[in-house]
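K.L.:
sharing a sequence plus its predicted fold:
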Amino acid sequence: MSLMDRVRGLFRRPEPEPLDVHAPGLAVVASCDDPAVAPSSVLAASKGWAEDGQAVLRYRLELPAARVGEASGLIGQDGYELRVDGEETADPVRCAALRAGIVTALAVARDHSRMASLAQRLGGDAIGWDVLQPREGETDNIGVPDLT
């Protein structure tokens, strides 16, 4: 490590801890159920979205009960965690695919296309997406997502 690298290291902000998709205090700051609406429009219209802040991107899906395990494995390859809402015996099963990180309109558009394609291949449907960010005093229980 050079002397300049050491000096730069003194003035860098420490990297924030990665956001946990199960963190308390997460609230929906942007949401869309219409696949025809551009994510950039939804995010730009959001008054609560902190563009540079970490967030949880949540896709709401309906999947055939017999394909939930397969879906979980497939979306896990992209860093998403699949959470089942309610009973897995219902058909179709309402699920939420969750991933934490910095959310951009491009990432939402790209991943929405992937989720819609995955859901369709498995005989299900991509219902919509949400962006959740930490907000004091507000919570959205993403452990059991409200998918209605």
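P.N.:
That came through, no problem.

K.L.:
any low-confidence regions in the chain?
P.N.:
Along the chain, segments meeting pLDDT under 70 span 1, 8-17, 86-89, 136-148.

K.L.:
in it, which helix is the longest?
P.N.:
helix 105-121 (DSSP state H).

K.L.:
using CSV, write down the CA coordinates of it.
P.N.:
The C-alpha atoms that make up helix 105-121 are tabulated as CSV, following Å, rounded to 0.1, in the frame of the first residue of the first chain:
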residue,chain,number,x,y,z
ALA,A,105,-34.4,2.8,-11.5
LEU,A,106,-32.3,0.7,-13.8
ALA,A,107,-31.9,-2.1,-11.2
VAL,A,108,-35.7,-2.1,-10.6
ALA,A,109,-36.5,-2.3,-14.3
ARG,A,110,-33.9,-5.0,-14.9
ASP,A,111,-35.0,-7.1,-12.0
HIS,A,112,-38.7,-6.6,-12.6
SER,A,113,-38.2,-8.0,-16.0
ARG,A,114,-36.4,-11.0,-14.5
MET,A,115,-39.1,-11.6,-11.9
ALA,A,116,-41.9,-11.3,-14.4
SER,A,117,-40.1,-13.8,-16.7
LEU,A,118,-39.4,-16.2,-13.8
ALA,A,119,-43.0,-16.0,-12.5
GLN,A,120,-44.4,-16.6,-16.0
ARG,A,121,-42.0,-19.6,-16.6
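
K.L.:
and the helices in the chain?
P.N.:
Using DSSP H, helices in the chain cover 3-11, 39-45, 68-76, 105-121.

K.L.:
look up how far Asp91 lies from the residue positioned nearest the centre of the chain.
P.N.:
The geometric centre of the chain, computed from its C-alpha atoms, lies nearest to Leu57 (C-alpha atoms, centre = their mean), at 1.7 Å. The spacing between Leu57 and Asp91, counted by C-beta to C-beta, to the nearest Å, is 26 Å. (Glycine included, C-beta is placed from N, CA and C.)
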